[in-house]
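Asks: coordinates for the following, if possible.
(one chain, ligands or ions: 1)
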Amino acid sequence: MLQIIKERRSIRKYLSREVEEDKIISVLESARWAPSGNNTQPWRFILVTSDEMRTKIAHVSHQQRWMMSAPVHIVCIADPSPRYNSGKGPAVQENSPGNELKQAIRDTAIATEHLVLEAENLGLGTCWVAWFVQEEIRPVLNIPEDKYVVAVITLGYPEATPSPTPRQKLEEIVYKENWNESLR
Ligand SMILES: Cc1cc2nc3c(=O)[nH]c(=O)nc-3n(C[C@H](O)[C@H](O)[C@H](O)COP(=O)(O)O)c2cc1C
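Replies: Prediction:
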């Protein structure tokens, strides 16, 4: 598992090769089995393969044109509505307050990284994309305004695998027992 985690890179150049349906299902299945607070499973995914929709998504993602080379986009959406008694929450934006929303985003991020790692496990490449504005990306995909788009995951066979990006050392990010005690 650690090897798969370490080998994952953000892929921004894809082959035009189609991704097999069973692999897409495995990737989505791995997200379905993610843990979530109170098992609310507050995530939804939109599988996008059409040129037209991928172009629109890249456009609202600050024109990141490289996204169009990925044959598949998986739009990962936090849906806090199961956490509201009324079944629908308030409209959400980047700066929305609210604990319910934060928890739904947390859980959706877990599920999203599950699918990223399963894609790596299957020899596929991915990249998290979150450089977009809710009010621009939601209408493109007909997503209601009480949902929050956490990420678009580009998916496909990598054309090239970039070198690893740097990471902080363990002793820089891990404390022992409390915030004041470093690991070593
Ligand atoms: C929440 C999130 C949002 C990101 N958004 C973008 C993006 O909009 N465009 C992009 O090219 N990369 C994006 N990335 C990829 C990061 O730049 C990349 O993960 C980071 O530089 C580390 O490189 P690595 O993934 O190859 O290890 C995003 C990553 C995360 C986790």
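Asks: go through the helix or strand harbouring Ala111 and flag the buried ones.
Replies: Using DSSP states H and E, the element containing Ala111 is helix 99-121. By 16 or more other C-beta atoms under 10 Å, the buried positions in helix 99-121 come out as 100-101, 103-105, 107-109, 111-121. No exception for glycine: its C-beta is placed from N, CA and C like everyone else's.
Asks: near the ligand, which residues of the protein show up?
Replies: Taking C-beta under 6 Å from any ligand atom, the part of the chain that reaches the ligand is made up of 9-10, 12, 64, 127-131, 151, 165.
Asks: swap the cut-off to 5 Å and go again
Replies: 9-10, 128-131, 165 (C-beta under 5 Å from any ligand atom).
Asks: please enumerate the strands of the protein.
Replies: 43-48, 72-78, 125-129, 148-156 (DSSP state E).
Asks: now render the ones you listed as a markdown table, adding mean neighbour count.
Replies: As requested, these are exported to a markdown table (neighbours: other C-beta atoms under 10 Å):
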| stretch | mean neighbour count |
| --- | --- |
| strand 43-48 | 18 |
| strand 72-78 | 24 |
| strand 125-129 | 23 |
| strand 148-156 | 25 |
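Asks: now render the ones you listed as TSV, adding mean pLDDT.
Replies: Below are the strands of the chain laid out as TSV (pLDDT from 0 to 100):
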stretch	mean pLDDT
strand 43-48	97
strand 72-78	97
strand 125-129	98
strand 148-156	98
